[in-house]
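1. Predicted model follows, preceded by the sequence.
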Amino acid sequence: MISRIAPILVATSSISILLTYVILSNNLPLSFLIYVIIITFGIGFFAFGSTFKHYFEIKEFLESRNLLISSKNELKAIEISVKNLIEELDKTKNSFKSILSAISELDVWIFEVEGDKIVKSMFSENILGIKDSETVGKKIEDIFVKFNPNGESEVKGKVKIVELKSSGNIFIARNIERRKNLERELALLKTVFEHSIDAIVLLDLDSKIVSWNKGAELMFGYKAEEVIGKPFTIIVPQEFHETCRKNFKKAILEGYAKDIESIRIAKNGEKIIVDQTLTSIYNEGELIGFVSIMRDITKRKEMEMKLLETCDELERKTNDLISLQRELEYLARIVETSNDAIYSVDAEGKIKSWNRTAEKLLGWKREEIIGKDSSILLPEEIKNETAVIMQRIRDGQRELRFETRRLTKGGEIISVDVTVSPLDNSGFSVILRPIADSLEKRMFRFNVERGRTYFTKDIYQAIEVLKDLKSFGYNAVIVSRRFPEEFKIDARFYWLSDQSMDFEGIYDFIATLEGWRNAVLIDLDYMLIKGKFNEAFTLIQKLRDIYYILNKGIIIVHSAVISKEGEALLRAECLEIKAKASAIPPEAFEILKLVYTKARFGEKLSIKDIMNELGVTRNTIKKRLSYLTEKGLIRVVKEGREKVIEITDEGKAIVIDAI
């Protein structure tokens with residue numbers, strides 16, 4: 001303040017002396033001198049008063065904000081206080097710069113809007129990818145696809161999705177694309193968790209259950225609300241508690257414990273064998289819990305046990321087992337490298353999807369077949385297959401498996417194994433595997449074919465056909481009034497009586513037989529004696545259709561008491577059974593076929609085995625074997641103390657080609 005007052009006083013005095021000198025030198029009147037001095041000092045005092053006005057304003061400002069320090073020298077106190085204030089302002093300025101620098105790294109954009117234009121912009125490169133100077137002056141519609149002043153908005157920039165917050169006409173846009181991606185990933189993980197067929201259980205540090213998915217509900221029978229908060233040992237047998245504790249310890253030390261085969265207990269007390277993986281869960285380096293993933297391997301273990309039992313029984317046949325194992329490994333490699341043909345059909349029967357194997361198997365390219373009616377794949381005689389499948393699905397059947405035929409683009413009809421599963425949108429998926437049933441057909445003693453219905457008046461012929469089919473693994477089923485011992489065959493029996501002659505019940509019994517290798521003998525004599533020809537005829541028609549469409553097996557219809565008119569009607573619906581001719585005597589061929597069939601499964605028969613199988617004396621068997629040996633169709637070799645029969649390539653050709 002003194003530095004401002006002193007120059008004013010010096011300047012005023014200097015001007016007064018200078019003017020006095022000028023006036024005296026020019027002999028001007030004394031009154032003029034006095035007048036000039038008064039004006040000069042007036043200007044000086046005016047300037048002095050203006051300076052003191054600022055002084056008091058500064059003092060008042062410092063006192064109002066408690067910034068004026070205490071001192072006897074008032075001017076010195078004001079000077080020090082002003083210096084302190086300037087230092088604080090410098091610090092504040094530096095802090096503000098640091099804040100701006102931090103904000104620039106937060107992936108945000110700050111801008112001010114007047115009307116529909118952006119008038120100020122900071123950090124626009126974070127969101128828009130352009131400089132602030134390029135942003136100012138642009139309209140909102142030039143920047144935003146969707147503008148929501150306080151919410152999610154879409155931007156025409158390197159970032160597409162932002163969240164806006166506004167205060168008046170000032171806006172902050174924050175990049176939320178990463179958050180949106182994380183939300184989608186979390187939703188996907190939640191879907192996987194909820195719909196996994198494996199049991200997934202989340203546990204806290206005390207091994208108490210905190211989450212329990214649908215797979216766990218299906219596997220163990222407990223609803224989530226029944227087990228949340230309970231210890232994991234609720235599903236662990238008492239004898240496995242110590243092993244369970246060791247697994248948790250291993251998971252803590254190593255991060256996980258996998259390939260844990262153990263037993264768990266379901267709600268109903270059933271014991272379930274599981275393959276479990278136990279993993280530790282960490283958050284920022286701190287252990288917060290565990291996740292247990294369990295897969296039900298009960299059926300697999302049961303199959304393994306059966307396989308072990310079978311191996312024990314076949315220990316004495318080590319060489320044969322090795323040969324069979326090699327064959328199984330070869331077949332396993334073939335299966336491993338093969339693919340199934342898969343396509344889907346909508347509720348209107350249109351093909352909606354088509355994979356590469358389907359292209360190779362059926363000849364249609366994807367772009368050619370999509371949208372076409374699925375009947376294009378069906379031979380003329382089974383064009384109504386799709387309608388039958390849709391009806392079965394509507395009736396509640398969740399899976400259909402059968403053998404049938406398909407028509408390729410080139411017009412070839414091929415045999416396939418079909419698995420049909422319903423889809424949520426009222427359509428269904430189809431899995432095709434090509435099958436070759438010609439070898440099996442050629443080995444039958446009679447000209448019969450799967451999916452067909454045959455009629456005979458000869459009960460002994462019907463029984464022989466049934467026995468022949470059973471020898472090839474068919475499930476023999478008999479519907480008759482006759483006593484089971486009359487048939488001399490191990491078969492499933494449906495005995496007819498006045499009470500059991502329910503034609504709908506008979507249809508359901510035969511139509512719902514499992515698999516597609518069923519040989520069914522229907523003896524109509526009792527039905528016809530009771531005057532039920534019309535009902536029996538309708539039954540045969542319905543069974544013929546369902547067995548043909550789904551290729552479930554072979555039906556043999558017999559009646560010795562049928563009228564000529566009834567026989568004519570049945571023969572119109574059914575095929576005739578014919579025996580095949582053989583190039584060698586039937587009794588010798590019977591042995592040859594038996595030896596070939598057993599050899600396919602790795603078994604070698606001795607003379608005693610053949611005697612037991614055919615019920616023929618030793619001398620008779622030796623004569624027939626001698627005939628086959630002379631023909632070069634078999635050879636007798638010694639293995640240990642026993643002689644076994646081997647079929648030659650010529651013998652195999654006779655069985656495959658001549659029969």
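-> In hand now; what should we look at?
2. Just the strands from the stretch 51-200 of the chain, written as ranges.
-> Taking DSSP state E, counting those that start in this stretch as the criterion, the stretch 51-200 of the chain contains strands spanning 108-114, 117-122, 144-146, 152-155, 161-167, 170-175, 199-203.
3. my bad, should have said the stretch 501-650 of the chain
-> Counting by DSSP E, counting those that start in this stretch, the segments of the stretch 501-650 of the chain that form strands are 518-523, 553-558, 575-576, 605-606, 634-639, 642-647.
4. Any chance you could list what contacts the fourth one?
-> If I follow you right, that is strand 605-606. Where contact means C-beta atoms under 8 Å, 6 or more residues apart in numbering, the residues beyond strand 605-606 that reach it are 594-595, 598, 613, 642-645. From N, CA and C alone the C-beta is placed, and that goes for glycine too.
5. partner strands of it, parallel or antiparallel?
-> strand 642-647 (antiparallel) (DSSP bridges).
6. so the strand it pairs with versus strand 634-639, what angle?
-> Relative orientation of strand 642-647 versus strand 634-639 (axes from the mean of the first three to the mean of the last three C-alpha atoms, to 10 degrees): 150 degrees.
7. Please point out which parts of strand 642-647 sit buried.
-> 644-645, 647 (16 or more other C-beta atoms under 10 Å).
8. before we move on, what about stretch 448-463?
-> Using 16+ other C-beta under 10 Å as the burial criterion, the residues of stretch 448-463 that qualify are 448, 450-456, 459, 461-463.
9. and W212, bridged to which residues?
-> In this structure, W212 has beta-bridge partners V201, where bridges are defined by DSSP bridges.
10. L539 is nearest to which of the strands of the stretch 501-650 of the chain?
-> Judged by C-beta to C-beta, the one of the strands of the stretch 501-650 of the chain that comes nearest to L539 is strand 518-523, at 8.0 Å.
11. Adjacent strands (with direction) for the closest one?
-> Next to strand 518-523 in the sheet, as set by DSSP bridges, lie strand 475-480 (parallel), strand 553-558 (parallel).
12. Hmm, W364 and T357 touching each other?
-> No: T357 is not in contact with W364 according to C-beta atoms under 8 Å; the separation is 11.9 Å.
13. Span of stretch 517-526 from start to end?
-> This stretch, stretch 517-526, spans 26 Å end to end (C-alpha to C-alpha, to the nearest Å).
14. Also stretch 555-572?
-> As for stretch 555-572, its first-to-last residue distance stands at 15 Å under the measure C-alpha to C-alpha.
15. Would you mind pulling the contact partners of that stretch?
-> Everything outside stretch 555-572 that qualifies as a contact, by C-beta under 8 Å, 6+ apart, is 452-459, 462, 465-466, 510, 519-525, 528-529, 533, 537, 540, 543-544, 547, 574, 577.
16. Redo the strands paired with strand 518-523 as a markdown table? Include distance to G411 and mean neighbour count.
-> Conversion of these to a markdown table gives the following (distance: least, C-beta to C-beta, whole Å; neighbours: other C-beta atoms under 10 Å):
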| stretch | distance to G411 | mean neighbour count |
| --- | --- | --- |
| strand 475-480 | 34 | 21 |
| strand 553-558 | 27 | 24 |
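17. Where is the longest strand in the chain?
-> Among all segments of the chain classified by DSSP state E, the strand with the greatest residue count is strand 271-283.
18. Could you list every helix and strand in contact with that strand?
-> Strand 271-283 makes packing contacts with helix 214-220, helix 241-254, strand 256-265, strand 286-296, helix 298-313 when contacts are defined by 3 or more C-beta pairs under 8 Å, 6 or more residues apart in numbering; DSSP states H and E.
19. Return the most buried member of these.
-> When those are scored by mean count of other C-beta atoms under 10 Å, the highest mean neighbour count falls to helix 214-220 (a mean of 19).
20. Please export the C-alpha coordinates of that one as PDB.
-> What follows is the C-alpha trace of helix 214-220 in PDB, where atoms were taken according to Å, rounded to 0.1, in the frame of the first residue of the first chain:
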ATOM      1  CA  LYS A 214     -31.700 -77.300 -11.300                       C
ATOM      2  CA  GLY A 215     -29.200 -80.100 -12.100                       C
ATOM      3  CA  ALA A 216     -28.700 -80.600  -8.300                       C
ATOM      4  CA  GLU A 217     -32.500 -80.700  -7.800                       C
ATOM      5  CA  LEU A 218     -32.900 -83.400 -10.500                       C
ATOM      6  CA  MET A 219     -30.000 -85.400  -9.300                       C
ATOM      7  CA  PHE A 220     -30.700 -85.400  -5.500                       C
END
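21. Now do it: everything it contacts.
-> Counting by C-beta under 8 Å, 6+ apart, the neighbours of helix 214-220 from elsewhere in the structure are 194-201, 222-224, 235, 264-267, 272, 274, 294, 296.
22. which of the residues you listed are buried?
-> In the contacts of helix 214-220, burial by neighbour count holds for 198-201, 222, 235, 264-265, 272, 274, 294, 296, counting by 16+ other C-beta under 10 Å.
23. Specify which member of these is nearest to P585.
-> Here the nearest of the buried ones among the contacts of helix 214-220 to P585, counting by C-beta to C-beta, is D296; it sits at 54.6 Å.
24. The buried residues of stretch 448-463: which two are farthest apart?
-> With distance counted by C-beta to C-beta, no two of the buried residues of stretch 448-463 lie farther apart than G451 and I459, which are 23.4 Å apart.
25. Contacts only, for R178.
-> Applying C-beta under 8 Å, 6+ apart, no residues qualify as near R178.
26. What distance do you get for it to K156?
-> From R178 over to K156 the distance is 19 Å, taken as C-beta to C-beta, to the nearest Å.
27. A173: what's it in contact with?
-> When contacts are taken as C-beta under 8 Å, 6+ apart, A173 is in contact with 108-111, 127, 153, 155, 162-164.
28. Recalculate using a threshold of 6 Å.
-> Remark: with contacts taken as C-beta atoms under 6 Å, 6 or more residues apart in numbering, A173 is in contact with 109, 127, 162, 164.
29. Low-confidence ranges, the stretch 401-550 of the chain, go.
-> Across the stretch 401-550 of the chain, the ranges flagged by pLDDT under 70 are 425, 436-445.
30. Kindly recompute the last result at 80.
-> Across the stretch 401-550 of the chain, the ranges flagged by pLDDT under 80 are 401-403, 415, 424-426, 434-447, 471-473, 500, 515-516.
31. the helices in it, which residues?
-> With helices called from DSSP state H, counting those that start in this stretch, the stretch 401-550 of the chain shows them at 438-443, 459-471, 503-511, 525-529, 533-550.
32. a markdown table for these, including distance to D490?
-> Shown next, in a markdown table, are these (distance: least, C-beta to C-beta, whole Å):
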| stretch | distance to D490 |
| --- | --- |
| helix 438-443 | 20 |
| helix 459-471 | 8 |
| helix 503-511 | 18 |
| helix 525-529 | 22 |
| helix 533-550 | 22 |
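33. Output the below-cut-off pLDDT ranges for the stretch 1-150 of the chain.
-> By pLDDT under 80, the low-scoring segments of the stretch 1-150 of the chain are 1-107, 115, 123-130, 132, 141-142, 145.
34. okay, now the domains of the chain?
-> Domain segmentation of the chain under automatic domain parsing yields 2-51, 108-180, 196-296, 338-435, 438-576, 586-658.
35. what's the spacing between the longest one and its chain's center?
-> What that stands for is domain 438-576. 43 Å (C-alpha atoms, centre = their mean, to the nearest Å).
36. Also the second one?
-> Domain 108-180 sits 40 Å away from the centroid of its parent chain (C-alpha atoms, centre = their mean).
37. Quick one: end-to-end distance for it.
-> Here domain 108-180 reaches across 16 Å from its first residue to its last, counting by C-alpha to C-alpha.
38. Next up, phi/psi of A347, please.
-> Backbone geometry at A347, expressed as degrees, to the nearest 10, gives phi -60, psi -20.
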